[in-house]
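[1] need coordinates for the following:
(4 chains)
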There are 2 protein chains.
Amino acid sequence: MAVTLHDVARLAGVSIKTVSNVINDYPHIRPATREKVELAITELGYTPNLTARSLRSGRTGAIALAVPDLALAYFAELAAAVIAAAEASGLVVLVEQTGADPERERELLRSPRLKMTDGLIFSPLGLGQEDIAALEVPYPLVLLGERMFDGPSDHVTMQNVEAARAATEHLIAAGRRRIAVIGSHEGEVIGSAGLRLRGYREALEAHGIAYDESIIGPSMAWHRESGARAMRELLARGVGFDAVFALNDTLALGAMRALLEAGRRVPDDVAVIGFDNIDEAQYTVPSLSTVDPGRAWIAETAVATLLERIAHPQSDVPPRLLLADFSVVARESTHAA
Amino acid sequence: MAVTLHDVARLAGVSIKTVSNVINDYPHIRPATREKVELAITELGYTPNLTARSLRSGRTGAIALAVPDLALAYFAELAAAVIAAAEASGLVVLVEQTGADPERERELLRSPRLKMTDGLIFSPLGLGQEDIAALEVPYPLVLLGERMFDGPSDHVTMQNVEAARAATEHLIAAGRRRIAVIGSHEGEVIGSAGLRLRGYREALEAHGIAYDESIIGPSMAWHRESGARAMRELLARGVGFDAVFALNDTLALGAMRALLEAGRRVPDDVAVIGFDNIDEAQYTVPSLSTVDPGRAWIAETAVATLLERIAHPQSDVPPRLLLADFSVVARESTHAA
DNA sequence: GCAACACTGTACAACGTTGTAGCCCCTCGG
DNA sequence: CCGAGGGGCTACAACGTTGTACAGTGTTGC
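    From the prediction side, this is the model:
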């Protein structure tokens, strides 16, 4: 079963190094020899043992991708894009789920399981500024999705503040003034929730609209279900609002559902905008306005950046912050009434 | 940077094998020695090189999962479940996307990249009965999601025919007689589309309803977009129908969208049922009736079965067919008018 | 007091591959 | 005719780990 270079070499009547050379396209081999070897390879059905090759070369040809949960549409689509980009570079991707648990995220960074990969693309949810030390890891690391300052690693991220501000301004431009928020994390500053809320507040401020805590709907989880729940709580408070900025699309879909159940029309009574531009946002009824944070670009850039760090491990290029372009995608859920 | 057993052994003043023994919990080590070694390990920050361990032991601790596309909700949720199940067994998962391209699926099976894993969980879309020979691979393989007969590998699958039949009967029980189909693959017999269509026809037959090709809407792709397109085509034909069986949930969501655009009410004018029970089915408006094919059980069983084959490679247990229980999930989209 | 036996540790080989050094032979310039 | 140079190939070591064989040291049983 396990056909090795030795077997091929014996059959072809050459040394194993010659077989290795044929496989690796070493130029100085006589055509006759090459043919002999290739014949033996196909006859035995030899395929190289990648584990041995990795041990010898120090490279595995695999990268790890750690996301909170693949069942979340945003991360599923991100993972799909990363895997596709990696495959284009001849890499395979090992996917880990952290469940957005800070403890598991820290553990992951130290995990020896990463020894099987050449580097890590990591989309943390629970880590904060205080975990920067944990990011000092002895392998190439590219962070996604949250902005951390002065971290030791490259960072490919969306412009959370600016994009959230643009989303909010899109609602303001549509004539809305009482803009509720769904999905805030109280006290958070540098996470996606904190940054997007900041963009929201900047937009309000720029247009002279007072920030009103009573229409901020907190929700730690960013599931459809929690979006619906947060919206029901908001409705139960009896406070008025004519628009909703959901901090991601999934929350927005849940919130829309709760609004419709409560008899509020979207967008007539309440305009809704999300964040992420996941595929399904364009197929809901009404279709969901959102911000496209540049996911495809993020995936490609993350893989390219990681590859560069893998290729030049000792390079003293300082950590880079790479920002994706974003765009507001206007759909039915924010159409003028 | 690269701390090895040698470094630890030198610092602790023992042989490398002793260090190895400490790490692998070999029982006969004096407490004093163990302590010395553990001290050296933490001082140097040693972590084992999994590549070397794999080469030596022949086991990698990784499995591969191949799905058509992670951006498809069903496969994202399946992958999430497989990764979680694998993690519970101490395995990591390498995810590949085949794009449902038969050529790439065949290629994947022969790919040396799988040499980095102990086995493969494979959810093929494009492969047919004629590809059975390609499934004779020299590593443990568990197939998901399609029923193939007399294949050489274990197969964990949903009861496509029976579940589709139950879905159709659910519509019939709600008083519907003109039941359209969205997502058929013409001429297909053993793929998910073919099997589900067969279940549909069996249900019709059992209730004395004639099969009418004019309300069968083909669609190779199973995206929301293609579901909407197929539904629009069906509507354009001008044929009457009072229900739709979409061959998966994503198609159903797209079809619902197209129905609503066309002014047909769901479920009043047209009842809709899907297949898969993806998370979002319960959050759409109206919420989508569907069939839960037992995804969680499939993921756990696939991992457990693969692990068993990995543990006993030469076992002559014949290929097994493991069938998940299914259930019809009745929601608003099929409520009695 | 001596064999038998567990306990504790070591040395060496091996997993399958690739890098390095070097050998042989041929060609070519001088 | 000889040395230099390079094409074509081989032998060997090494990547970091674990299995096997074995060598000491006590300890036990008789």
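
[2] what count of nearby residues applies to residue A:27?
    5 (other Cβ atoms under 10 Å in any protein chain shown). For glycine as for every other residue, the C-beta is placed from the backbone atoms N, C-alpha and C.

[3] just residue A:316 next, same as before
    Residue A:316 has 5 neighbours, counted by other Cβ under 10 Å.

[4] quick check: pLDDT value at it.
    Looking at residue A:316, its pLDDT is 81.

[5] which SS class is it?
    Classification of residue A:316 using DSSP: H, G, I helix; E, B strand; the rest coil returns coil.

[6] mind checking how far it is from residue A:141?
    Separation of residue A:316 from residue A:141 (Cβ to Cβ, to the nearest Å): 16 Å.

[7] in chain A, what residue comes closest to chain B?
    residue A:76 (3.5 Å; Cβ to the nearest Cβ).

[8] which residues touch the helix or strand harbouring that residue?
    Per DSSP states H and E, residue A:76 falls inside helix A:73-88. Residues outside helix A:73-88 that contact it (Cβ atoms under 8 Å, 6 or more residues apart in numbering or on different chains) are A:63, A:65, A:67-70, A:92-93, A:95, A:121, A:123, A:144, A:248-250, A:276, A:278-280, A:295-296, A:298-300, A:302-304, B:69-71, B:73, B:76, B:79, B:95-97, B:280.

[9] sitting in strands, which of those do you find?
    A:63, A:65, A:67, A:92-93, A:95, A:121, A:144, B:95-97 (DSSP state E).

[10] helices or strands up against the helix or strand hosting residue A:105?
    Assigned by DSSP H and E, residue A:105 belongs to helix A:102-110. Counting contacts by 3 or more Cβ pairs under 8 Å, 6 or more residues apart in numbering or on different chains; DSSP states H and E, helix A:102-110 packs against strand A:120-122.

[11] elements contacting the strand it packs on?
    Other helices and strands packing on strand A:120-122, by 3+ Cβ pairs under 8 Å, 6+ apart, are strand A:62-67, helix A:102-110, strand A:141-144, helix A:295-311.

[12] so which bits of that strand are buried?
    By 16 or more other Cβ atoms under 10 Å in any protein chain shown, the buried positions in strand A:120-122 come out as A:120-122.

[13] repeat that for stretch A:310-324.
    Neighbour counts over stretch A:310-324 (16+ other Cβ under 10 Å) mark A:310, A:319, A:323-324 as buried.

[14] and chain A, which of its residues are near DNA strand D?
    With Cβ under 7 Å from any atom of the strand as the criterion, chain A meets DNA strand D at residues A:13-18, A:21, A:27-30, A:32-34, A:52, A:55-56.

[15] list buried residues within those residues.
    Buried among those (16+ other Cβ under 10 Å): A:14, A:18, A:21, A:33-34, A:52, A:55.

[16] weed out the non-buried ones from the contacts of helix A:73-88.
    A:63, A:65, A:67-70, A:92-93, A:95, A:121, A:123, A:144, A:248-250, A:276, A:278-280, A:295, A:298-300, A:302-304, B:69-71, B:73, B:76, B:79, B:95-97, B:280.

[17] measure the spatially most central residue of chain A to residue A:305 for me?
    Chain A has residue A:78 as the residue nearest its centroid, 4.7 Å off, counting by Cα atoms, centre = their mean. Distance, residue A:78 to residue A:305, using Cβ to Cβ: 15 Å.

[18] show me where the stretch 151-300 of chain A has its helices.
    A:160-173, A:192-206, A:224-237, A:249-261, A:295-311 (DSSP state H, counting those that start in this stretch).

[19] can you tell which of these is closest to residue B:230?
    Smallest distance to residue B:230 across these (Cβ to Cβ): 22.8 Å, for helix A:249-261.

[20] helices and strands around the closest one, which ones?
    Looks like helix A:249-261 contacts helix A:73-88, strand A:179-184, helix A:224-237, strand A:243-246, strand A:271-273 (3+ Cβ pairs under 8 Å, 6+ apart).

[21] any idea which of these is most buried?
    Greatest average neighbour count among the helices and strands packed on helix A:249-261 goes to strand A:243-246 (a mean of 30), per mean count of other Cβ atoms under 10 Å in any protein chain shown.

[22] is any part of it close to chain B?
    No: if you take Cβ under 8 Å from any Cβ of the partner chain as the test, strand A:243-246 misses chain B, and the best it gets is 12.9 Å.

[23] for whatever residue of the stretch 201-337 of chain A ends up closest to DNA strand C, give its distance to residue B:318.
    As assessed by Cβ to the nearest atom of the strand, DNA strand C sits closest to residue A:311 within the stretch 201-337 of chain A, at 14.3 Å. Noted for residue A:311: a distance of 48 Å to residue B:318, by Cβ to Cβ.

[24] same question, residue A:39
    Residue A:39 is 36 Å from residue B:318, by Cβ to Cβ.

[25] now the residue of the stretch 201-337 of chain A found nearest DNA strand D, nearest residue through space, not along the chain?
    Shortest the stretch 201-337 of chain A-to-DNA strand D distance, computed as Cβ to the nearest atom of the strand: residue-wise this is residue A:313, at 13.8 Å. Once flanking residues are discounted, residue A:313 sits nearest to residue A:140: 6.9 Å by Cβ to Cβ, 6 or more residues apart in numbering or on different chains.

[26] show me the contacts for the one you found.
    Per Cβ under 8 Å, 6+ apart, neighbours of residue A:140: A:118-120, A:306, A:309-310, A:313.

[27] using JSON lines, lay out those residues together with pLDDT.
    Listed next are these as JSON lines, based on pLDDT from 0 to 100:
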{"residue": "A:118", "pLDDT": "95"}
{"residue": "A:119", "pLDDT": "95"}
{"residue": "A:120", "pLDDT": "96"}
{"residue": "A:306", "pLDDT": "96"}
{"residue": "A:309", "pLDDT": "94"}
{"residue": "A:310", "pLDDT": "93"}
{"residue": "A:313", "pLDDT": "82"}
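
[28] widest-spaced pair of those?
    Farthest pair in these, by Cβ to Cβ: A:120 and A:313, 13.7 Å.

[29] mind saving the C-alpha coords of stretch A:157-165 as CSV?
    This file holds the C-alpha atoms of stretch A:157-165, laid out as CSV (Å, rounded to 0.1, in the frame of the first residue of the first chain):
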residue,chain,number,x,y,z
THR,A,157,-9.8,44.3,8.3
MET,A,158,-12.9,46.2,7.3
GLN,A,159,-13.4,49.8,8.1
ASN,A,160,-15.9,49.2,10.8
VAL,A,161,-16.3,52.7,12.1
GLU,A,162,-16.4,54.4,8.7
ALA,A,163,-18.7,51.7,7.2
ALA,A,164,-21.1,51.9,10.2
ARG,A,165,-21.1,55.6,9.9
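
[30] what's the spacing between the helix or strand of chain A with the lowest mean pLDDT and its chain's center?
    When each helix and strand of chain A is scored by mean pLDDT, DSSP states H and E, helix A:102-110 comes last, with a mean of 90. Offset of helix A:102-110 from its chain centre (Cα atoms, centre = their mean, to the nearest Å): 17 Å.
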